[in-house]
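K.L.:
task: produce atomic coordinates for the following.
(one chain, ligands or ions: 2)
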Amino acid sequence: MAQIDTFTRWSVIASGEGGGRIASQFFNRSENPGIDDRILVMNTNRADLRNTIDRMRGEMASDQGEEEMMQSHALEFGTQQGAGNFFPNGEACAREDLDRIVRRISDFNGADAFMHVATLGGGTGNGSIPYAVDQFKNGLADLDDDGASEDWMDSVIHTAFGVWPYYTEPPQRHFNAVSGLSRLLRNADGNQNADMVLLAANSHLDDEGRGSGRHYDSINDAIITAVDLMIGAGRETHSVIDIKDYVTIPSQMDAYHFTPAVATDLNGDVYELKYMLDQAAENTYVPMDVATTQAAYAIVRAPESMIDNEEITEPDVYSAFQDWTDKHGINVAGQASLTPKRGRGSDVDVLLLLGGFDLNPLLEHSRDEFEMLGDSLAGQGGSGGGGDLTRTELDRIVENLESYVERNAE
Ligand SMILES: Nc1nc2c(ncn2[C@@H]2O[C@H](COP(=O)(O)OP(=O)(O)OP(=O)(O)O)[C@@H](O)[C@H]2O)c(=O)[nH]1
Ligand SMILES: [Mg+2]
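P.N.:
Residues are numbered from 1 along each chain as shown. Ligands and ions are numbered 1, 2, ... in the order given. This is a model prediction of the structure:
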């Protein structure tokens, strides 16, 4: 299979505890050919990092020792041992150690696309990831005084996955989340930051309420499933849709936030494709109105044998997708693809990536907390973690998000 090298090579960069936990679950996939072992988990807190690494070792039944795994997949950054759940501290820690972060990521030399992962309610992941993405895209030229070239990074696509806190979590989590979304979308200059921002909301994916470890596992599994389907479509599809296709038009439209909507293990002998797309659309990862979608991609994954026997074909998928968008009155930029999975049987999986939708149904859950805390947090020196948040910075965060959301809510 000589052409394997032409497929997109992904790398997963996770920061903070929840981000690390999600990333560690990538390892329990028996095949993740798009990622291989290009996974880096970062944290400001060494104990958390060890827990994540131990978890990873468990997931992959690794024969690598803990130290070895720490060296190949973990990075402790900043001097604070935590970010005190205040995102400017997480950002300050990343700023302190940007050169070390870049050096570690350079070990993945040749990755074409990054999937950055962070929970948005925390301080570490949410503080560091938007900052790091901006630096990777715009700031590295300033950093390179040791002659090391990071030129390969210029063409890397940066996607980010952000996880919204449970609606019932304390106000500071919501303050972080709103700020984090704004900073993933826009940098301090008001320009696009991440090339694509994927969102999932804990409460929306877990209707049993507050998270215990178990609930996180199933939510994280849903996130991994979506990423897996998304990455898979860039590999073995007949008509490849790949990450470049996902990001180009939405960026031009200034509508580059997405939610996955997923349905798995649907009996392909029984159900029509159009019904399967509907099933997926009923399972969006954030609260949203499908009719407000501005860009949509459909990825249908079916057993190789079904595709070979033409029980399911690409034209079937295209026309089902067309019918589906028509039915919802969505006049969107879009594309559909059919991708094989190994084996027989008739279980079909569907991923819809829905983009550019009205974000207000999500933001509604956090806006009051955000506004309530903003006044008291701006202008303070933070909580001793080295980061502060000026009134000007906070105003910019508000303005960036508002202008982005308003455009897309029309
Ligand atoms: N889906 C999911 N959410 C998580 C997980 N762990 C924590 N969270 C959510 O993430 C938020 C807390 O963020 P953490 O990831 O613990 O924070 P951090 O990035 O380590 O930053 P600090 O605040 O500095 O500890 C809360 O909203 C939690 O509900 C997880 O494994 N999965
Ligand atoms: Mg933490």
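K.L.:
in the stretch 201-350 of the chain, which residue sits nearest ligand 1?
P.N.:
Tyr216 (3.7 Å; C-beta to the nearest ligand atom). For every residue, glycine as well, the C-beta is placed using N, CA and C.
K.L.:
next structured bit after whichever strand or helix holds Met306?
P.N.:
Under the criterion of DSSP states H and E, Met306 resides in helix 304-308. Proceeding N to C from helix 304-308, the next assigned helix or strand is helix 314-327, under DSSP H and E.
K.L.:
mind listing what's buried along the helix or strand harbouring Gly58?
P.N.:
Secondary structure from DSSP H and E places Gly58 in helix 46-60. By neighbour count with 16 or more other C-beta atoms under 10 Å, helix 46-60 contains the buried residues Asp48, Leu49, Arg50, Asn51, Thr52, Ile53, Arg55, Met56, Arg57, Met60.
K.L.:
likewise for stretch 172-184?
P.N.:
Applying 16+ other C-beta under 10 Å to stretch 172-184 flags 172-184 as buried.
K.L.:
contacts for it?
P.N.:
85-87, 118, 120-123, 126, 129-131, 133, 160, 162, 164-165, 193-194, 197, 199, 257, 359, 363, 365-367, 369-370, 373-374, 377, 394, 397-398, 400-401, 404 (C-beta atoms under 8 Å, 6 or more residues apart in numbering).
K.L.:
show me how far it is from its chain's centre.
P.N.:
15 Å (C-alpha atoms, centre = their mean, to the nearest Å).
K.L.:
now that stretch: average pLDDT?
P.N.:
Per-residue pLDDT over stretch 172-184 has a mean of 97.
K.L.:
hey, C-alpha coordinates of it in PDB?
P.N.:
C-alpha atoms of stretch 172-184 as PDB (Å, rounded to 0.1, in the frame of the first residue of the first chain):
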ATOM      1  CA  GLN A 172     -15.900  30.300  37.000                       C
ATOM      2  CA  ARG A 173     -16.100  27.300  34.700                       C
ATOM      3  CA  HIS A 174     -18.600  29.100  32.500                       C
ATOM      4  CA  PHE A 175     -16.500  32.200  32.600                       C
ATOM      5  CA  ASN A 176     -13.600  30.200  31.300                       C
ATOM      6  CA  ALA A 177     -15.700  28.400  28.700                       C
ATOM      7  CA  VAL A 178     -17.100  31.500  27.100                       C
ATOM      8  CA  SER A 179     -13.600  33.100  27.100                       C
ATOM      9  CA  GLY A 180     -12.100  29.900  25.700                       C
ATOM     10  CA  LEU A 181     -14.500  29.700  22.800                       C
ATOM     11  CA  SER A 182     -13.800  33.300  21.900                       C
ATOM     12  CA  ARG A 183     -10.100  32.700  22.000                       C
ATOM     13  CA  LEU A 184     -10.200  29.500  20.000                       C
END
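K.L.:
point me to the residue of the stretch 151-300 of the chain nearest ligand 1.
P.N.:
Relative to ligand 1, the nearest point of the stretch 151-300 of the chain is Pro165 (3.2 Å; C-beta to the nearest ligand atom).
K.L.:
how near is the closest residue to that residue other than its chain neighbours to ligand 2?
P.N.:
Of all residues not flanking Pro165 in the chain, Gly121 sits nearest, at 3.2 Å (C-beta to C-beta, 6 or more residues apart in numbering). Using C-beta to the ion, to the nearest Å, Gly121 is found at 10 Å from ligand 2.
K.L.:
so what's the residue count around Gly121?
P.N.:
Neighbour count for Gly121, taken as other C-beta atoms under 10 Å: 27.
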